[in-house]
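Q: Pasting a predicted model and its sequence here:
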Amino acid sequence: MPTYPDLKLYIGGKWRSSPETMPVLNPADESVLGFLPIARQSDLDDALLAAVEGLRVWSCTAPRKRAEIMMRASSLLRERNEEIAFAISSELGKPIRQARLEVIRGCEFFEWDAGEAQRLYGRVIPSEPGIRYMTVRQPIGMVAAFSPWNFPMSQPARKVAGALAAGCSIILKAAEETPGGAIHIARAFHDAGLPPGVLNLVFGIPSVISDYLIPQDQTRLIAFTGSTAVGRHLTSLAGRHGKPVLMELGGHAPVIVCDDVDPHQAGILSATRKVRNSGQVCTSPTRFFVHERVFDRFVDAFTRQAAATVVGNGIEEKTEMGPVANARRLEALTALSEDALAKGARVLTGGQRIGDKGYFFAPTVLADVPDHARVMQEEPFGPMAIINRVASLDEAIAKANALPFGLAAYGLTHSAANVDKMINLVEAGNLSINTLEASVAETPFGGVKASGFGREGGEEGLLHYTVVKTVSHKMEL
Ligand SMILES: NC(=O)c1ccc[n+]([C@@H]2O[C@H](COP(=O)([O-])OP(=O)(O)OC[C@H]3O[C@@H](n4cnc5c(N)ncnc54)[C@H](O)[C@@H]3O)[C@@H](O)[C@H]2O)c1
Ligand SMILES: O=S(=O)(O)c1ccc(CO)cc1
């Protein structure tokens, strides 16, 4: 059986502890997995100094060499998949099979960005004879990054991959509740020969760390994934200090189910995807707008599939859905379910906690939920689906667009005309048709409206981590 990693800070190429710690819990049984060091101001100062030195070295390292180190680290992460999957399944409750896939996804982010590191092209711009204009793309500088608890490996990987590929150094504050993935990433880069100070990993009180790092002169980009409320707070702090931000924030993804699909097949696919990571995914399919002609059959298939989900400790191979990450989510989901019921929704399955040890919440299907129920506006961030009927595609699109969020959206249809309408009208950064997968390494991912700004992944991902310098070169003085 693999073991849970030793919890440490990683600063200037060295692991260190701190006299102050916080416990990391296993959400399946509330046992303590380890104690996480809390960074003091002196640790943050050391990380800043190290990151300046790291930037000096890394920004002058050839892109091919940067890519080599990234690929080596990724290969170590792939070799250590079982150990990392064990860590993230233990700390988050994620089913072990999903945890293994998350490790692979994280590696794909490193591998994609390692390739992009070598394609940071500039341009030569034709103009008057005797003068040449050029652009070059250079690393933006030191990045302060904040990754969330729901994907302990692939979310830190997104940010570390972007920064390192572009030639930046990074101070990553990963999630305190799920530090294992980020610790394994730092370990892999250390073993792959990354120069000291290029990647620094800290944990602590999130607001203390962001309040300290964001205003620092050395900090040149703030990259955050998490809730819209916190993202807005960090954006305004960054704005006060004139710093650019990359924000991947909340979602409340609509799924438009048209009347030309097999409702049974669509219902099973949807319910299976809904319970992925216990629904704690910013792209999780949540508001299902189903054409009235296929509504009943869709609801029936969805509900049966959701109710049959094998819920248990993520570490067990047979588990399809683990606990939610913490007691806060249990309370939030219970309150949303009770509110929906009180406002006239039908609870078709679930709606409550399972057992009294560990943070298990039943896969929950709410149907005919009125617009004024809280869950229609607030991201449930849990295994909770809303299924409402619509009379037309236009009505579904209007409902899909009614919220301030615009991250992922989905459409299930065989009609090219329906697809075209959704492409034109649905307000979302990512629209997926006939698949409930929203992002892969090779495509840009990010939101519109309250879901944030900027893109991670794809060709666009490295734009934020670089600045364009324009060079005007006159041939004669
Ligand atoms: N987009 C995502 O992937 C994502 C991930 C995690 C949570 N969330 C959203 O957050 C909601 C609640 O999660 P929570 O209970 O952890 O709430 P939260 O809003 O307190 O925290 C969200 C994330 O932001 C970080 N954070 C909070 N305050 C911060 C600060 N001042 N500086 C830097 N980082 C800070 C936290 O460590 C956490 O990772 C969820 O319901 C969901 O909507 C979104
Ligand atoms: O695994 S993904 O669905 O691509 C995904 C997208 C975004 C986030 C951020 O919460 C996590 C996983």
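A: Sure, I can see it. Ligands and ions are numbered 1, 2, ... in the order given.

Q: any idea which element the most centrally placed residue in the chain lies in?
A: Nearest residue to the geometric centre of the chain (CA atoms, centre = their mean): Gln155, 4.8 Å. Per DSSP states H and E, Gln155 falls inside helix 154-166.

Q: Tell me how far the very next helix or strand once past that helix lies from the chain's centre.
A: Note on helix 154-166: by DSSP H and E, the next helix or strand toward the C-terminus is strand 169-173. Centroid separation for strand 169-173 versus its chain: 16 Å, with CA atoms, centre = their mean, to the nearest Å.

Q: which helices and strands does strand 169-173 pack with?
A: With contacts taken as 3 or more CB pairs under 8 Å, 6 or more residues apart in numbering; DSSP states H and E, strand 169-173 sits against helix 41-58, strand 142-146, helix 154-166, strand 199-202, helix 206-213. Bear in mind the C-beta positions are built from the backbone N, C-alpha and C, glycine included.

Q: give the contact list for the nearest residue to Cys282 once chain neighbours are set aside.
A: Distances taken as CB to CB, 6 or more residues apart in numbering put Gly251 closest to Cys282, at 4.5 Å, once the chain neighbours are dropped. Listed by CB atoms under 8 Å, 6 or more residues apart in numbering, the contact set of Gly251 reads Cys282, Thr283, Ser284, Thr286, Glu379, Phe405, Gly406, Leu407, Ala408, Gly447, Ser451.

Q: With Leu341 instead?
A: Neighbouring residues of Leu341 by CB under 8 Å, 6+ apart: Val347, Gly351.

Q: where's it relative to Val375, distance?
A: 10 Å (CB to CB, to the nearest Å).

Q: what does Asn388 give?
A: For Asn388, the distance to Val375 equals 11 Å [CB to CB].

Q: which one of those two has more residues nearby?
A: Between Asn388 and Val375, counting by other CB atoms under 10 Å, Val375 is the more crowded of the two (25 against 20).

Q: Would it be right to say that the more buried one lies in a helix?
A: Yes. Under DSSP: H, G, I helix; E, B strand; the rest coil, Val375 falls within a helix.

Q: what about the closest residue in space to it that isn't next to it in sequence, how many residues close to it?
A: Spatial nearest neighbour of Val375, excluding adjacent residues (CB to CB, 6+ apart): Leu336 at 4.4 Å. Neighbours of Leu336 under the rule other CB under 10 Å: 24.

Q: near ligand 1 at all, stretch 355-374?
A: No. Stretch 355-374 is not in contact with ligand 1 by CB under 6 Å from any ligand atom; minimum separation 12.2 Å.

Q: Quote the end-to-end distance of that stretch.
A: Using CA to CA, to the nearest Å, one end of stretch 355-374 lies 25 Å from the other.

Q: got the buried residues for it?
A: 358-367, 369, 373-374 (16 or more other CB atoms under 10 Å).

Q: Over to stretch 277-293?
A: Residues of stretch 277-293 classed as buried: 277-291 (neighbour count, 16+ other CB under 10 Å).

Q: Then stretch 400-407?
A: By 16+ other CB under 10 Å, the buried positions in stretch 400-407 come out as Ala400, Asn401, Leu403, Phe405, Gly406, Leu407.

Q: Excluding residues flanking it in the chain, which one is nearest the third one?
A: Looking back up the chat, that one is Leu403. Closest residue to Leu403 apart from its sequence neighbours, by CB to CB, 6+ apart: His252 at 5.3 Å.

Q: Find the helix or strand that the residue in the stretch 151-300 of the chain positioned nearest to ligand 2 is a member of.
A: In the stretch 151-300 of the chain, the residue that lies nearest ligand 2 is Cys282 (3.8 Å; CB to the nearest ligand atom). Under the criterion DSSP H and E, no helix or strand holds Cys282.

Q: That one: what's it in contact with?
A: Asn150, Thr225, Glu248, Leu249, Gly250, Gly251, Glu379, Leu407, Ala408, Ser451.

Q: repeat that with 6 Å
A: Cys282 sits next to Gly250, Gly251, Leu407 when contact means CB atoms under 6 Å, 6 or more residues apart in numbering.

Q: Apart from its chain neighbours, what residue comes closest to the last one?
A: When the adjacent residues along the chain are set aside, Leu407 lies closest to Gly251, with 3.2 Å between them (CB to CB, 6+ apart).
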